[in-house]
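[1] here is a sequence together with a model predicted from it:
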Amino acid sequence: MNITALQTFLAIVDTGSLVRASQVLHVTQSTVTARLQTLEDGLGQQLLNRQKSGTTLTPAGTRLLRYARIMTGLWRQAQLETSLPAGLASVCTFGCDRELWHGPGRDFFNGVLSGSPEMAVSVLQGSARDLEEWLANGMVDVILTFDSVTRGNQTVHPLPAEELVLYSDRPDTPIDKGPFYIFVDHGAEYRRQHAETYYGAGVARVSLDSSWWALQTMLDRGGSAYLPRALAEPYVAQGQLFQLDAPVYTRKKNLIVNDAAARRWTWFAPLVATMTAPET
């Protein structure tokens, strides 16, 4: 099966239209149409419904979608493995939740580079669902996530919980009457705890699902927000942010590895031991 056709199919699904897919792939719309037609002819099934408003998956397209992601992911992995420069023997493919790149994500990345000079590293950012699927189908070797769902050939290494702390650009910001409070969505459990603590605060004017975006907004415009300690502390040390005397929330985080990959890595156990050690 043509990998390029599968990649084009995925681009259409992810962007929602042939036009946007052509822009992402930097090819003409007619090329995108031809690739899709080739794929549908080869399978003998219509994969997408074309409409003026965009495209939707047919039942056959829905069934193909999972396999298309697996096959293109494995093809990418094969390309990495077979095109390594001299001196590199293998690849560690690491999937990381974007909210965990600060702190533990960077610690793992730097630990691989330091502990295994002969290994290349490929990092993919994804949602919890993406990461779980990528690990299950072999697209990545190890993931860093807030979830702990595993299959039979995987091991969960719980890391020290992430602390979510209230910071402000001013040390005297009132906790319940900040002039510009930014609500950062840190997940369902955090939303519940936050609602119980600040039940009378009303709705924040600004709501974001990214700690990094919230941090940048605070640095640009001022205000306060709950941020991961690992992300905010460098700015506290520089005097740009201040920790407020407010409840601190925690969020579990886990490093999950494919057992077959971990058995090949002599550097993995020492790195995990360092990352799982209680923070002081």
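    Yes, it's here.

[2] domain ranges for this structure?
    Listed by automatic domain parsing, the domain ranges of the chain are 3-79, 81-158+252-276, 162-250.

[3] could you dump those to JSON lines with mean pLDDT and mean neighbour count?
    C-beta coordinates here come from the backbone N, C-alpha and C atoms, glycine included. Formatted as JSON lines, these follow (pLDDT from 0 to 100; neighbours: other CB atoms under 10 Å):
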{"stretch": "domain 3-79", "mean pLDDT": "86", "mean neighbour count": "16"}
{"stretch": "domain 81-158+252-276", "mean pLDDT": "85", "mean neighbour count": "17"}
{"stretch": "domain 162-250", "mean pLDDT": "89", "mean neighbour count": "16"}
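
[4] tell me which element L231 falls in.
    helix 229-237 (DSSP states H and E).

[5] relative to R221, how far out is the spatially closest residue to V24 that is not a sequence neighbour?
    Counting by CB to CB, 6 or more residues apart in numbering, V24 lies nearest to A11, which is 5.3 Å off, once chain neighbours are set aside. Using CB to CB, to the nearest Å, A11 is found at 36 Å from R221.

[6] can you name the next helix or strand after the longest strand along the chain?
    Secondary structure of the chain per DSSP state E: the longest strand is strand 154-168. Sequence-wise, the next helix or strand downstream of strand 154-168 (DSSP H and E) is strand 181-184.

[7] state the distance from S53 to D185.
    From S53 to D185 the distance is 29 Å (CB to CB).

[8] quick one: the helices in the chain?
    Assigned by DSSP state H, the chain shows helices spanning 3-15, 18-25, 29-43, 59-82, 106-115, 128-136, 188-197, 211-221, 229-237, 259-264, 268-276.

[9] which secondary structure elements does the fourth one contact?
    Judged by 3 or more CB pairs under 8 Å, 6 or more residues apart in numbering; DSSP states H and E, the packing partners of helix 59-82 are helix 3-15, strand 90-96, helix 128-136.

[10] next, format these as a markdown table and append distance to T217.
    Formatted as a markdown table, the helices and strands packed on helix 59-82 follow (distance: least, CB to CB, whole Å):
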| stretch | distance to T217 |
| --- | --- |
| helix 3-15 | 27 |
| strand 90-96 | 23 |
| helix 128-136 | 24 |
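
[11] which elements pack onto the longest strand of the chain?
    Using 3+ CB pairs under 8 Å, 6+ apart as the contact criterion, the elements in contact with strand 154-168 are strand 224-228, helix 229-237, strand 242-243, strand 249-258, helix 259-264, helix 268-276.

[12] quick one: closest of these to W212.
    Of all those, helix 229-237 sits nearest to W212, with 7.1 Å by CB to CB.

[13] quick one, phi/psi of S17?
    phi -160, psi 160 (degrees, to the nearest 10).
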